[in-house]
Every structure is written in structure tokens, then in C-alpha cells.
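Participant: pasting a predicted model and its sequence here:
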Amino acid sequence: MFFNKPKAKYNILNDYDSDVYNLFDVVMNQKEELKSLFHDFPIHYDLWEYWKKNLETEPIKKALRFLFLSNYGYLGKPQTLAFGVDNQKIRFDDLLEKTNDALFNAMFTNHDFRDYFKNLSRVSDKNAFVYNDPPYLGTDDNYSNSFVEKDSEDLFQCNIDTGHRFAISEFNHPKIIELAEYHKLNLIIVGERKNIKNVRIEVLVTNYENNQTSLF
């Protein structure tokens, strides 16, 4: 979402996934080295299998591992190396520059959302807006740090406590609908998201009025 909207005057981002945080930190601070190494590293099955089983601690190598597993995995997942006609390396330079430009002068942190919101609550700007894209409840196979119901309860309360306008992306999980109703929030339909196993309805929970279709 951040990369598809106009930049605000102040941009504060947070991601608890250390791979995501590390990648963006490298993009901001070691862009040219990352570009060179990404173009040079081989795309082969042995490297894929090695990085599936082994982590990296050096920031550049950790970023390359994350890029390889996420860009060359079937359906974007690090289970199966996918071969296709598209070449991610051709697109990489353009995306790297756009990402670097977007992150310029933005603050990026790596905290559990509860700790993040403790600092965010000190932001007094009445125009502040908080967008939340958490691990969707019931999708524990997609993230390294998955959500349980207590996490969703805490996320709703943390947003409410800031006093800022906010939106939370989610699926129409019964618990999410229950929380939205309990806190008297708006819950609108975004659309269907399909995969091989099922069809889910994506929703947006907000504490401000909107003109889209509500579930209530």
C-alpha cells in the first residue's frame, strides 16, 4: 500500500518480519551493492535448496536470500522454485530505484505492533492516518509471524487508543466481524481473493465513514 500512494509529509513504517525490514534497510543504505550482487548471483536449484534450509546473518546476503525465495518461488512462496518466461532481474533495477525513492526520508522500524503503537500514540497530528496490513487471521501458513485471535484483539484496541483515523485490511473472518461490531467500526467489502484452495472475501475495517458497501 505504501508504494502505491502519494507520500505523506511524514512517513513512519513498521514491519515485524526481519527479512522485510532488512531488505528495505539494505535498499536504503546499500543500494548499489545490492544491485550488483543481485545481477551476479546464479539462479539454480542448489542455491534454492541451500537458502530454503539455511538463514543468512550478513545484511546483503540476507536480502539476496529473501529476494530469491520470494521472487522465484511458485505463487511467491519459498516451497518450489518456479521457472517462467519472465525475468525478474530485468525488472529489478527499475523497482529498486522506485523503492529507494519511496523510502527516502521515511522512518522504518522493526517492532511488534504493540511496541510500535506505544510510540505512535505520541503523534499528535490530527491529520495522522494509520494503515494496518497484518498477517490475516486464519492464514498462519503465509507468514513467519502469524496472528492469533488475541493479536487481532490487541491490534484493534491499539488503533482505537491512538485516537487517529485508521484502516485495517483483513478477511471476513468471524472474529474480525465480531471485533468490528463490538467497537462500532465500519467494515467494507474490498473484493474476492482466490487461490487453489478457497475463496476469501477481503475487507477493510475503518473508524471513519466511507461510501463503499458495508457488511452490516
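Facilitator: Yep, it's here.
Participant: quick one, helices of the chain?
Facilitator: Remark: helices assigned in the chain by DSSP state H are 18-29, 31-40, 45-53, 59-71, 88-103, 113-120, 149-162, 174-182.
Participant: now those helices as a markdown table including distance to residue 80, mean pLDDT and mean neighbour count?
Facilitator: (Glycine included, C-beta is placed from N, CA and C.) Output for those, formatted as a markdown table (distance: least, C-beta to C-beta, whole Å; pLDDT from 0 to 100; neighbours: other C-beta atoms under 10 Å):
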| stretch | distance to residue 80 | mean pLDDT | mean neighbour count |
| --- | --- | --- | --- |
| helix 18-29 | 19 | 94 | 18 |
| helix 31-40 | 21 | 92 | 14 |
| helix 45-53 | 9 | 89 | 12 |
| helix 59-71 | 11 | 91 | 19 |
| helix 88-103 | 16 | 87 | 14 |
| helix 113-120 | 31 | 88 | 16 |
| helix 149-162 | 29 | 95 | 16 |
| helix 174-182 | 30 | 96 | 16 |
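Participant: and residue 81, which of those is closest to it?
Facilitator: Distance to residue 81, taken as C-beta to C-beta, is lowest for helix 45-53 among those, at 4.5 Å.
Participant: quick one, what contacts the residue of the chain most remote from its centre?
Facilitator: Relative to the C-alpha centroid of the chain, counting by C-alpha atoms, centre = their mean, residue 46 is the outermost residue, at 28.4 Å. Counting by C-beta atoms under 8 Å, 6 or more residues apart in numbering, residue 46 touches no other residue.
Participant: residue 191 too?
Facilitator: 201-202.
Participant: geometrically speaking, which residue is the centre of this protein?
Facilitator: Note: the chain centre (C-alpha atoms, centre = their mean) maps to residue 133, 6.0 Å.
Participant: how many residues are close by the residue nearest to that residue when sequence neighbours are not counted?
Facilitator: Sequence neighbours aside, residue 169 is the residue nearest to residue 133 in space, at 4.9 Å (criterion: C-beta to C-beta, 6 or more residues apart in numbering). Look at residue 169: counted by other C-beta atoms under 10 Å, it has 15 neighbours.
Participant: thanks a lot, see you next time.
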